[in-house]
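Chemist: this one's structure only:
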């Protein structure tokens, strides 16, 4: 059975400096889309800033395309996001994609052939594997991780809400 591992550090966040700034912005709803919602990083290098604009210092640099983030606020063309580790900051909307992805957060995530723990296992994934969400219903999500497709218990993933239906 294949074992899926992360490619490098999952999301490799780099702190570029010790600059500090705070933002009083609460995030005005700019798109009319529901908040919070999930998205993913569009590029292999994305800056997370302390506020909604290029004048704010970069707090983190993400170096992994497709990492899931939760959009929690909007201000003009900027989105306030939270990552799977709880880091919060601002990212320009051009750096985000509507493609739904998840990151494995359990010690081991088993991908099953069907949404049932009694189904044959297809693969096992260690923490930090980024996968594309194909669908979610109930407590299960069908994902594609490194070309391996299977059903994973939703509780082993970060990138979807508890009872959210994803098609």
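Modeler: Perfect, I can see it now. Just so it is clear, the model here is predicted, and its values are computed rather than measured.
Chemist: center of this structure, which residue is that?
Modeler: Nearest to the mean C-alpha position of the chain, by Cα atoms, centre = their mean, lies residue 68 at 1.2 Å.
Chemist: what residues of the helix or strand where residue 123 lies count as buried?
Modeler: In this assignment (DSSP states H and E), residue 123 forms part of strand 121-125. Neighbour counts using 16 or more other Cβ atoms under 10 Å place 122, 123, 124, 125 of strand 121-125 among the buried residues. Placement of C-beta: from N, CA and C, glycine included.
Chemist: stretch 95-109: end-to-end distance?
Modeler: End-to-end distance for stretch 95-109: 28 Å, by Cα to Cα, to the nearest Å.
Chemist: what about this protein, any weak spots by pLDDT?
Modeler: Applying pLDDT under 70 to the chain flags the ranges 1-29.
Chemist: could you list the domains of it?
Modeler: According to automatic domain parsing, the chain comprises the domains 13-17+33-99, 102-158.
Chemist: how about the ones you listed, which one is nearest residue 165?
Modeler: domain 102-158 (5.6 Å; Cβ to Cβ).
Chemist: what's the span of that closest one from first residue to last?
Modeler: 5 Å.
Chemist: please renumber so the chain begins at 37
Modeler: That works, and once the first residue is 37, the last one we named lands at domain 138-194.
Chemist: so how far is it off the chain centroid?
Modeler: Counting by Cα atoms, centre = their mean, to the nearest Å, domain 138-194 is centred 14 Å from the centre of its parent chain.
Chemist: look up how far residue 188 lies from the residue lying farthest from the centre of the chain.
Modeler: The C-alpha centroid of the chain is most remote from residue 154, which lies 28.1 Å away (Cα atoms, centre = their mean). Separation of residue 154 from residue 188 (Cβ to Cβ, to the nearest Å) stands at 15 Å.
Chemist: likewise for residue 97?
Modeler: 28 Å.
Chemist: more crowded one of the two?
Modeler: residue 188 (28 against 14; other Cβ atoms under 10 Å).
Chemist: so the more buried one sits against residue 145, correct?
Modeler: Yes. If you go by Cβ atoms under 8 Å, residue 188 and residue 145 touch, sitting 5.3 Å apart.
Chemist: kind regards, and thank you for your time.
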